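Student: what follows is a predicted structure for the sequence shown.
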Amino acid sequence: MNSGPLVFLGLLITMAVSWITFIMGPQLQMGTMQPATNVVSALQERYPNPYEGEANQGSSVYRANGCVVCHSQQIRAREFGPDLTRFLAIRPSTAYDYLYDQPVFLGDQRIGPDLATVGTRYNRDALLLKLYDPQFSAPGSVMPPYRCLFQTRKIEFNPSPDAMTNLPANLAPPEGYEVVPTSKAQQLVSYLLSRRQSTYIYYAPPPPTNKPAASANATNAPATNAPAAK
Amino acid sequence: MKPTDPKLKSGGEPTAGFSTVPIWLVLLCGGIFFWGQFYLDNNAGGFDDRVYAPFHSWDEIVANNPVSPEEEFRRLGEAKFHQTCELCHQATGLGQEGKAPPLAGSEWVNATGANRIEHIVLNGLTGNITVKGQQWNLTMPPWRDNFSDKEIAAILTYVRSSFGNHGAAVTPETVAKARADVHPSPMGGEDELKRLPEQ
Amino acid sequence: MTATPTAPAPAAAPASESPGIEASCRGPLLNLFLSAVCWLVIASGLSLFASIKLHAPTLFAGLAWTSYGRLRPAALDAFLYGFAVQAGFGAAIWIICRLGQTRLVAPLTLFLGHAFWSIAVFLGVAGVLAGGGSGYPALEMPSWIAPLLFAAYVLMAIPAVLTFHARRPGPLYPSQWFILGAIFWFAWIFSTAALVLLYGAPRGVLQASASWWFANNFSQVFLGFAGLASVLYFIPKLTGRALYSSHWAAFAFWMLALFGSWSGLSEGSPLPVWMSSMSVIGTIFTIVPVIAITMALVYTLRGQPEHADEDPSLRFCYVAASFWVIASVQLIVGALPKVNSLVGLTWFGYAQRELQYYGFFAFSMFAAIYYIVPRLLNSWWCPRLLKAQFWLAILGVLTLYISLLLGGVAQGVLLSAADNSFLEVLRTTMTAVRISTIGDLLIFASAVVFLANFGKVFFESGQRVRAQIMERIS
């Protein structure tokens, strides 16, 4: 151990072992991963599908504001905790769920709740209100209000169709003004609504009981456009 | 402060002794290595990149999945039923007053042929219908534009094999035949239904 | 266990060489250390601000850059790239010069590298606050900063390696392996991470595994090597005893290099199970270097009588070594699947990293800086400020660590019961977070005191130089 080049060689070998195991090996195995076509109880042909444009733009807003610092996006199996029940998930997360994510925000910590299935728990208005004032729906929450994603402006002629209508009394804008989400807010919400992980795939089959974990009441809107029953 | 100030004295460079590594530490390494092998056997899923938590092997995943096309078909129907039909017919298939008649034990569901219930699902139903001795007069919307033949067949297969029912499976072909059979929509009660052949 | 033959007392430094060595490194090292200490103040200040924002989230609600999600990564970047790498280089180069009994080679390159590095780190931290963060922990910077940072790193590493190469022939001391290890390790992990994450586009979760791999290698291996180099150098040197066994240090070194770089991927994440299983095994193997280094240090100090006039750096070394053992053991315990299922994704992991950074690594660098700077400037520290800094830092780290450790465990235990709502559990753990803010405040105060002490040494040294000049003139 007295020769510099020998130490360097040893370091190179140890680094190579780690690099091959965790960087190159997985890349060789999963580098060309394609969407899964063996979708169980085939509600769709393949999973996942690429996201719509707004959702991709929203992922940049998510990244820029560091949402990943407080929120994870990984549903863990039952032996790791009650993620399935708490976050209304139908199954643990697999690599397929993140195939089209760039970057992937798995997260290290849950200061706030997990967002992997947030698209099945909230609708657009609720998410916009949450971004505008997190403390209203969750008193005691430590999430900062993202007012910079919204614009309070004077109503010209007619109110904007995008203006927020569900603001509580103490947050309502003054007379003649309206609060309108900026495009960044809409993109972020589109991104969050795309976080569903609500398809069973072969690699994460449903739990053994017959009843699916999520009942129709828990979701906001059924996946298909079923006309409302009488 | 002068460089010769005693506070700034440097002392010599450190040296190191040459004791050998104790054997028990090497044995500990070996022990961890041994345990690691067992751990990988049980938890590494055979280094298969398709195995995700909580599963431990590919075989376990296969075992947990529907084992036959029939089972997969049934699960498709189950998923669709719980997504849509459950809203009125309830998850238990018992139906609800003012919403929908029961499917559990219904003579229409358990008929030999599924032609009549295929027509109900495709075209909707209004007017009187007797189910299990009880009169029902509600309106069910048509679903022909919402589901494909395969999906309707899967739903009916599921309904006919659940809630205590004992009907045979329904094939997409018979649904396609029922779809081609044009009827005013919705169907007008059990009188119109009884005019349809059962098969 | 064979008893070591009584180690010869360390040879006295040849009187003619040391001043020349000191002079050759004075400029670049002072730059590095001053810059590092300033970044420590910035990092701990940002960290304090972030911590305050956790329980006053509506403060400055309209300003995007003050949100926790931007402050926390900026604080981490400022610490890792601003303080850790620069202080690490400073200590490493001085140790290489001293152990090799040679002057610093290519000081101008080092100076240039440091200048570019400082600019890059400043732009990186500002970039994160402005919303350009990459979203990857420990690599939060706009992607265009990475090549600049890497180039600056190479410019700093070249003098270190050349100086090592120019050393006097003789056996290598363990610190030299650790320093070589640290220098090469950062180059490899950073270039891999930057290429794979910032410039490449691997599918899906491969990004997450690469980012966790990088963050853990930075924390456990790179900082571990750099901090242990300092601890293993100063403890034997300042106590006048030989390090118990170079072979034990070698064993620990190779084990840490081989298996320390495997940790970081936790069970239960959406990676294929083989990856997290391999990672768990690697983490458990790292108990071996912890045992080896602990035993080496304990045996080195066995029978060590207390000195009244011991060098202050020694206390920092003892604290650093203790914190390293605790942080490493916590990492191992936290990787066990049963424990991870309880405390994964809570404050537990965060507490471990903070102990590794502000506890172990910062203290090992304090030891080095407190020793090196007076010998570069021929000025001594203000003893009261030094004592204050020591106690503020140690109390701050302990407050921060223990409160978040317990908070994390409580959070994990409470969340494991499905009927506890997330919000209720959050409210309960906020008590721990509030206490941790006090810890952050104490750490910030200790950094400010350190900077003040630095200023005092510079000022005194400047005054003396001015007096000498006046003497010459008159």
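Tutor: Perfect, I can see it now. Numbering: from 1, shown residues only, chains lettered A, B, ... in the order given.

Student: from here on, contacts and neighbour counts on C-alpha atoms
Tutor: OK.

Student: and residue 95, how many neighbours does it have?
Tutor: No chain was given, so I picked chain A. A:Ala95 is flanked by 21 other residues according to other Cα atoms under 10 Å in any protein chain shown.

Student: hm, I was asking about chain C
Tutor: Neighbours of C:Ile95 under the rule other Cα under 10 Å: 23.

Student: so where do the strands sit in chain B?
Tutor: Counting by DSSP state E, chain B has strands at residues B:125-126, B:129-131, B:134-136, B:187-188.

Student: right, so those: which one is the most enclosed?
Tutor: Stretch with highest mean neighbour count among these: strand B:125-126 (a mean of 22; mean count of other Cα atoms under 10 Å in any protein chain shown).

Student: contacts for that strand next, please.
Tutor: B:Asn137, B:Leu138, B:Thr139, B:Met140, B:Pro141, B:Pro142, B:Ser185, B:Pro186, B:Met187, B:Gly188, B:Gly189 (Cα atoms under 8 Å, 6 or more residues apart in numbering or on different chains).

Student: just give the nearest non-adjacent residue to the residue positioned nearest the centre of chain C, would you?
Tutor: The centroid of chain C falls nearest to C:Phe361 when counting by Cα atoms, centre = their mean (3.4 Å). Closest residue to C:Phe361 apart from its sequence neighbours, by Cα to Cα, 6 or more residues apart in numbering or on different chains: C:Gly227 at 5.4 Å.

Student: wait, the one you found touches C:Ala368, no?
Tutor: No. Judged on Cα atoms under 8 Å, C:Gly227 makes no contact with C:Ala368 at a distance of 9.5 Å.

Student: higher neighbour count, the two?
Tutor: Each of C:Gly227 and C:Ala368 has its neighbours counted (other Cα under 10 Å); C:Gly227 has more, 34 against 28.

Student: now do the contacts for the more buried one.
Tutor: Taking Cα under 8 Å, 6+ apart, we find C:Gly227 in contact with C:Gly88, C:Phe360, C:Phe361, C:Ser364, C:Met365.

Student: for the second one, give me the pLDDT.
Tutor: Meaning C:Phe360. As summarised for this prediction, C:Phe360 has a pLDDT of 97.

Student: what's the neighbour count on the closest residue to it other than its chain neighbours?
Tutor: Closest residue to C:Phe360 apart from its sequence neighbours, by Cα to Cα, 6+ apart: C:Ala320 at 4.3 Å. Around C:Ala320 there are 29 other residues, counting by other Cα under 10 Å.

Student: now swap in C:Leu40 and tell me
Tutor: Counted with other Cα under 10 Å, residues neighbouring C:Leu40 total 29.

Student: pLDDT on the one helix or strand it maps to, on average?
Tutor: Following DSSP states H and E, one finds C:Leu40 within helix C:17-55. The average of the pLDDT scores along helix C:17-55 is 91.

Student: can you list contacts of the longest helix seen in chain B?
Tutor: The residue-count maximum for a helix in chain B (DSSP state H) belongs to helix B:23-43. Residues from elsewhere that reach helix B:23-43 (Cα under 8 Å, 6+ apart): B:Gly46, B:His56, B:Ser57, C:Val273, C:Trp274, C:Ser277, C:Met278, C:Ile281, C:Ile284, C:Phe285, C:Val288, C:Ala292.

Student: for chain A, which segments count as strands?
Tutor: Ranges of strands in chain A, per DSSP E, are A:150-154, A:177-181.

Student: quick check, the lowest-mean-pLDDT helix or strand in chain A touching chain C?
Tutor: In chain A, no helix or strand scores lower on mean pLDDT, DSSP states H and E than helix A:83-86, which sits at a mean of 86. Yes. Applying Cα under 8 Å from any Cα of the partner chain, one finds helix A:83-86 in contact with chain C at A:Thr85, A:Arg86.

Student: alright, that wraps it up for me.
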